[in-house]
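*Asks:* Sharing a model that was predicted from the sequence below.
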Amino acid sequence: MSCRDVVVVGGSAGGVEAAREFIGGLPGDLPAAVLVVVHMPAGVRSALPQILDRCGALPASPAEHGQPLKPGHVYVGVPDHHLLIREDTIRLSRSARQNRMRPAVDALFRSAARWTGPRTIGAVLSGALDDGAAGLAAIRARGGVAVVQDPGDAIFDGMPRSALAAVDGDAVLGSPGQLAARITELVQQQVTWPSEPADRDLILETEMAEHDHPNGRERPGRPAGLGCPECNGGLSIVGRSGTEHFHCHVGHTYSPQTLLAAQREKVEAALWTAASFLEEQAIIHQHLAARASHTDATITADNQRAAAHEALRAADTVRRHAGSPATG
C-alpha cells in the first residue's frame, strides 16, 4: 500500500496567479512532493521559484537534475528543459518540444503517470489551448487523481476545459485555493498499484522525452498521414483513455488544438512568403517594361506592365488571406 504523495501541477496563461493561490493554500507539513510547470519562454530567467517560495508555507526551488523527490517541497520547472519524474527522482531534459513548449505540462504528467501512477495527483490550472489534457488522462488511467481549476474561475479556460473533457468530468473541481484544501485530504488516501503495467505508447513517449529517443527505433502510436509543423517528419497518432495526440519520429508532440495552431502559423508564414515573391516579380516585370520602353518595344513593354499589375493583384489577394483571422 502507498499514499498519494506526488502532486504535479501545470498551467500556462494566467497560470502564475493560479499557482500562487494553489501553492499558498498547501500546508507546510504536506506529506507529498509538488512539481510545477508553467509555460515560459526559453532564454530568460524564471522568477517563478521565488514567487512560489514566498507565497506559502512550503519551500520552493528550481528543479535540479537528479534530485530525489522529498515530501513538503515544491520543485519548479526551469526554462528550456522538460521537468520529468523517473523512479522518484527528478530528470531535466532538452528533448524535442511538446505542444511547442519546453517545459511542457504533458511531458511532466506522462512521466508521473508512468513512474508514480496511483500515487499521483495531477492538477491543471489556467491556460490556453489543451496542453495537459492527454497527460491528465494518462494519470487518471493509471489510478491517479485529477483536479482541475474551475473554468469559470480561470483567467484562461482552455486548459481546464480540455482537461475536464479528457477525463470525462471525473475530476475534483474548484478554485486553486479550494483545490489546495482538497489536496490535503487526497494525500491521506492509500492506493494500490494497477495490475497491468504501463502501456507501450506511454513507455515509449516517456523514454523519448527523457532520452531523445527510446531504445531501438520503435515509435508510439500509428501513422497519421500528417507532417510535423516543426521538423516536417511524419506524425503518428497516439490514442489513450479517450484522448488523442500526435507524435513525430524525433519527439515533437502536439495535442489537437496545439497542432491546429501550429499549422495555422505555418500557413500564415507561407502566405506572407508568397506575397513577398509576387511583389518581387512585379518589380522585375516593371524593370523589364522600363527597358522595353527605351527600345520602342511597345508590345513587350505593355505585356510586362500587365504582368506586373497581375502580380501585384495576386500579392494583394494573398496578403488579405494572410492577415485574415483564423477560423475553427
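*Replies:* That came through fine.

*Asks:* Quick check: phi and psi at L26.
*Replies:* Note on L26: backbone dihedrals following degrees, to the nearest 10 are phi -90, psi 140.

*Asks:* That one reaches G56, doesn't it?
*Replies:* Yes - applying CB atoms under 8 Å, one finds L26 in contact with G56, separated by 6.0 Å. C-beta here means a position set from N, CA and C on the backbone, and glycine is covered the same way.

*Asks:* between these two, who's got more neighbours?
*Replies:* Between L26 and G56, counted using other CB atoms under 10 Å, L26 has the larger neighbour count: 24 against 20.

*Asks:* Show me what counts as buried in stretch 195-205.
*Replies:* A198, D199, D201, L202, I203, L204, E205 (16 or more other CB atoms under 10 Å).

*Asks:* and if you look at stretch 138-158?
*Replies:* Neighbour-count burial for stretch 138-158, counted by 16+ other CB under 10 Å, picks out 138-149, 151, 153-158.

*Asks:* which other helices and strands contact whichever strand or helix holds L235?
*Replies:* Assigned by DSSP states H and E, L235 belongs to strand 234-240. The contact analysis (3 or more CB pairs under 8 Å, 6 or more residues apart in numbering; DSSP states H and E) places strand 234-240 against helix 133-141, helix 200-211, strand 222-227, strand 243-248.

*Asks:* 7 Å instead?
*Replies:* Under the contact criterion of 3 or more CB pairs under 7 Å, 6 or more residues apart in numbering; DSSP states H and E, strand 234-240 touches helix 133-141, strand 222-227, strand 243-248.

*Asks:* Save the buried residues of stretch 195-205 as TSV, and put in pLDDT and distance to A269 too.
*Replies:* Listed next are the buried residues of stretch 195-205 as TSV, based on pLDDT from 0 to 100; distance: CB to CB, whole Å:
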residue	pLDDT	distance to A269
A198	93	38
D199	92	36
D201	95	31
L202	95	33
I203	94	35
L204	93	31
E205	95	28
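
*Asks:* Generate JSON lines for the residues you listed, with distance to A314 as supplementary columns.
*Replies:* Below are the buried residues of stretch 195-205 laid out as JSON lines (distance: CB to CB, whole Å):
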{"residue": "A198", "distance to A314": "53"}
{"residue": "D199", "distance to A314": "50"}
{"residue": "D201", "distance to A314": "45"}
{"residue": "L202", "distance to A314": "49"}
{"residue": "I203", "distance to A314": "51"}
{"residue": "L204", "distance to A314": "46"}
{"residue": "E205", "distance to A314": "44"}
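
*Asks:* which one of those residues is nearest T300?
*Replies:* Closest approach between those and T300, by CB to CB: E205, at 61.2 Å.

*Asks:* where does the closest residue in space to the closest one that isn't next to it in sequence fall, helix, sheet strand or coil?
*Replies:* Excluding the flanking residues, the one nearest E205 by CB to CB, 6 or more residues apart in numbering is P220, at 5.2 Å. Three-state assignment for P220 (DSSP: H, G, I helix; E, B strand; the rest coil): coil.

*Asks:* The strand holding L235 pairs with which strands?
*Replies:* Paired with strand 234-240 in the same sheet, following DSSP bridges, are strand 222-227 (antiparallel), strand 243-248 (antiparallel).

*Asks:* Just want the angle from the first one to helix 200-211.
*Replies:* When you say that, I think you mean strand 222-227. 50 degrees (axes from the mean of the first three to the mean of the last three CA atoms, to 10 degrees).

*Asks:* mind listing what's buried in the host helix or strand of H321?
*Replies:* Assessed by DSSP H and E, H321 sits inside helix 298-323. By 16+ other CB under 10 Å, the buried positions in helix 298-323 come out as A301, Q304, R305, A307, A308, A311, L312, A314, A315, V318, R319, A322.

*Asks:* list the contacts for the residue lying closest to the fifth one once chain neighbours are set aside?
*Replies:* The reference is to A308. Excluding its sequence neighbours, the residue lying closest to A308 (CB to CB, 6+ apart) is H285, at 3.6 Å. H285 makes contacts with Q304, A307, A308, A311, as judged by CB atoms under 7 Å, 6 or more residues apart in numbering.
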